[in-house]
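Enquirer: sharing a model that was predicted from the sequence below.
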Amino acid sequence: MLVIYLAPLPRGFLFGLGTLVRDRVAAAERRIDNDRTNNPNRGRAGLERAQLELSVIESQLRLRGLLE
């Protein structure tokens, strides 16, 4: 189970972290799209992990009133 605890951090840091994770999600999606092997699940775990991290960060930002 992935547990991310975000202690009080500067606002800009959280937005930067969100941007970094969004980039990781996009990169994982590109890797899956560009994969020409016969295994459709290859790379799926990396995408799901990045999406979960993004969801947690966005939830924390919403709780702090920094994201609508």
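Expert: Now that the structure is in, tell me what you want to look at. Numbers count the residues shown, from 1 in each chain.
Enquirer: and stretch 18-35, what's its mean pLDDT?
Expert: Throughout stretch 18-35, pLDDT has a mean value of 84.
Enquirer: any buried residues in stretch 23-33, and which?
Expert: Neighbour-count burial for stretch 23-33, counted by 16 or more other Cβ atoms under 10 Å, picks out 24, 25, 28. Every C-beta, even on glycine, is put in place using the N, C-alpha and C of the backbone.
Enquirer: tell me the one of the residues you listed nearest residue 63?
Expert: Here the nearest of those to residue 63, counting by Cβ to Cβ, is residue 25; it sits at 20.5 Å.
Enquirer: centroid residue for this structure?
Expert: Centroid-nearest residue in the chain, with Cα atoms, centre = their mean: residue 54, separated by 3.0 Å.
Enquirer: that residue: which element?
Expert: Following DSSP states H and E, one finds residue 54 within helix 44-63.
Enquirer: most remote residue from the middle of the protein, which is it?
Expert: Max radial position in the chain (Cα atoms, centre = their mean) goes to residue 38, at 26.0 Å.
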